[in-house]
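**Student:** using only what follows, build the 3D model:
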Amino acid sequence: QGKLVESGGGLVQAGGSLRLSCAASGMTFSNYAMGWFRQAPGKAREFVFSINWSGSSTNYASSVKGRFTISRDNAKNMVYLQMNSLKPDDTAVYYCAADRQFPMRGQDKCEFWGQGTQVTVSS
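**Tutor:** A predicted model of the protein is given here:
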């Protein structure tokens, strides 16, 4: 059974940076597209960024364009989300998820989810 564990969240001032990591186990990592989603207080969980199996193609939400980047290391079974120029609106719990297809088909089609990591951006 696949397992995803996020780390790297924390409290940061607006304009700062964080790098989130997601460690995968119990799955053939290179067979999955990986994505990051986030859920702010009182809001629905939303898509942030995704990356295909090889890392050659990505999709992202317009709200993070030019500020966030995604990468993966298939040798280490890791996916990363580099977040720069953070804004208070980026405050949320960030989740990584795995889907066998890319582009990812939607949250309900993701096969595995992590438990989330809190990111708080102060103004």
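**Student:** hey, what's the residue nearest the centre of the chain bridged with?
**Tutor:** The centre of the chain sits closest to W36, judged by Cα atoms, centre = their mean, with a distance of 2.3 Å. For W36, the residues forming beta bridges with it (DSSP bridges) are F49, C96.
**Student:** distance of it from S123?
**Tutor:** Distance from W36 to S123, counting by Cβ to Cβ, to the nearest Å: 23 Å. The C-beta positions use only the backbone N, C-alpha and C, and glycine is treated the same way.
**Student:** how about the secondary structure of S30?
**Tutor:** helix (DSSP: H, G, I helix; E, B strand; the rest coil).
**Student:** burial measure for it, as a count.
**Tutor:** 13 (other Cβ atoms under 10 Å).
**Student:** over to V12?
**Tutor:** So V12, with other Cβ under 10 Å, has 17 neighbours.
**Student:** any idea which element it lies in?
**Tutor:** Element membership for V12, per DSSP states H and E: strand 10-13.
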